[in-house]
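Colleague: Give me a model of this one.
(one chain, ligands or ions: 1)
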Amino acid sequence: MNTLNDLAATIAERAAADPDSSWTAKLLAKGPEKCAEKFGEEAVEAIIEAVKDNRDGLISESADVLFHLLVMLQSRGVALDEVLAELQRRQGTSGLSEKASRTQT
Ligand SMILES: N=c1c2ncn([C@@H]3O[C@H](COP(=O)(O)OP(=O)(O)OP(=O)(O)O)[C@@H](O)[C@H]3O)c2ncn1[C@@H]1O[C@H](COP(=O)(O)O)[C@@H](O)[C@H]1O
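Modeller: This next block holds a predicted model:
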């Protein structure tokens, strides 16, 4: 998890950097919609590798997905810690129980 935290900190720093000097700064300068679009593209690429059962491709594309997720969060001012806190809150709650509680009327 340290790697993700370190990457989120780098991305936050890049928000104030010159777009000509950094891919992250360049993407952030294009706005949240572009960051979201890029995240979607990377997610689709990861899906394709998973369907193809290409292990190395899935690892590589998953790294792209995580990086671009963090850029998208940065673009909307959401901290990684907020997402981790939500995951922490869900710990111990079965996904099946949670789904059942939502579908009951
Ligand atoms: N983890 C990443 C990372 N993963 C992917 N990418 C870049 O994301 C870009 C998008 O990938 P694509 O496959 O879409 O390539 P593309 O050239 O845009 O292709 P198309 O637009 O033509 O589809 C590529 O340029 C990758 O290099 C990343 N760029 C940066 N980081 C991290 O962010 C740090 C800061 O990077 P800079 O902001 O560039 O200084 C780096 O030290 C890394 O730790």
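
Colleague: Near the ligand, which residues of the protein are found?
Modeller: Contact residues (C-beta under 6 Å from any ligand atom) of the chain with the ligand: 7, 10, 14, 22, 23, 24, 25, 64, 67. All C-beta spots, glycine's among them, are computed from the backbone N, C-alpha and C.

Colleague: Secondary structure element holding the residue most central in space within the chain?
Modeller: With distances taken as C-alpha atoms, centre = their mean, residue 69 lies nearest the centre of the chain, 1.9 Å away. Here residue 69 sits within helix 55-75, counting by DSSP states H and E.

Colleague: Mind listing what's buried along that helix?
Modeller: Within helix 55-75, the residues that qualify as buried are 58, 61-62, 64-75, counting by 16 or more other C-beta atoms under 10 Å.

Colleague: which helices and strands does it pack with?
Modeller: For helix 55-75, the packing partners by 3 or more C-beta pairs under 8 Å, 6 or more residues apart in numbering; DSSP states H and E come out as helix 2-14, helix 23-29, helix 32-52, helix 80-90.

Colleague: quick one: average pLDDT of that helix?
Modeller: Averaged across helix 55-75, the pLDDT comes to 98.
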